[in-house]
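Chemist: Generate coordinates for the sequence data below:
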Amino acid sequence: MEYRYDLTDNNLCIEESRISAYDLDENEIGNCSNCSAMLVSLSYHFVSETNVVVTRCVSCRAFYANIYDLEWSWIDEVSLSLLPIPITISNQVINDGKELEKLSIKKLQAVFSRGEIEALFARTRNETPIRQYLYRARKKYKLFEEIFNIQLEL
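Modeler: From the prediction side, this is the model:
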């Protein structure tokens, strides 16, 4: 089964089904299979006799669906892909601080770490960003464009 997630309305999509969240609490759920950093819950869904918790890694930004039985015993973890989010802004190319500030912080957090976001804003203010964070953020520009259809040129 293919698991996808809609960040706009917190719907979990499994095959052709869209499942609404019954809770949006943020809790520490466990450790990332990819990098061992902390996973934080984004939403909770009831799916055919199971509880599915959508999580995001605080470090590598990977998304997972953690599946539990009705008594909250862990069953499985599945990688999630994100659905593209349509955004209506006048400029689909972000190349200055004013345009960057128009973007929702949630959209930036979906792809970039806190340090990377700070480096992007520092760059637009002609401050010296932490080079390592700016380098990592630039490597994620293509992913950001694929998800949100917005090109970053900072």
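Chemist: Chain neighbours aside, what residue packs nearest to Ser59?
Modeler: Using CB to CB, 6 or more residues apart in numbering and skipping the chain neighbours, the partner closest in space to Ser59 is Ala37 (3.4 Å). Glycine gets a C-beta too; all of them are placed from N, C-alpha and C.
Chemist: contacting residues for that neighbour?
Modeler: Counting by CB atoms under 8 Å, 6 or more residues apart in numbering, Ala37 makes contact with Asn31, Cys57, Val58, Ser59, Cys60.
Chemist: tell me, what residue is most central in the protein?
Modeler: For the chain, the residue sitting closest to the mean C-alpha position, by CA atoms, centre = their mean, is Ala110 at 2.7 Å.
Chemist: residues in contact with the strand ranked longest in the chain?
Modeler: Counting by DSSP state E, the longest strand found in the chain is strand 38-47. Here strand 38-47 makes contact (CB under 8 Å, 6+ apart) with 5, 10, 12, 14, 19-32, 51-59, 64, 66-67.
Chemist: Just the buried ones among the residues you listed, please.
Modeler: Neighbour-count burial (16 or more other CB atoms under 10 Å) applied to the contacts of strand 38-47 gives 5, 10, 12, 14, 19, 21, 29, 32, 51-58, 64, 66-67.
Chemist: Filter these down to the ones in helices?
Modeler: Using DSSP state H to define helices, no part of these is located there.
Chemist: which ones among the residues you listed are found in strands?
Modeler: Using DSSP E, the buried ones among the contacts of strand 38-47 in strands are 5, 12, 14, 19, 29, 51-57, 64, 66-67.
Chemist: Just confirm Tyr135 is within a strand.
Modeler: No - with DSSP: H, G, I helix; E, B strand; the rest coil as the criterion, Tyr135 is located in helix rather than a strand.
Chemist: neighbours around it, how many?
Modeler: 12 (other CB atoms under 10 Å).
Chemist: in the top helix by length along the chain, what's buried?
Modeler: Secondary structure assigned by DSSP H gives helix 114-124 as the longest helix of the chain. In terms of neighbour count (16+ other CB under 10 Å), helix 114-124 has its buried residues at Glu116, Ile117, Glu118, Ala119, Leu120, Ala122, Arg123, Thr124.
Chemist: For that helix, what is the distance to the chain centroid?
Modeler: Mean C-alpha position of helix 114-124 versus that of the full chain (CA atoms, centre = their mean, to the nearest Å) differs by 17 Å.
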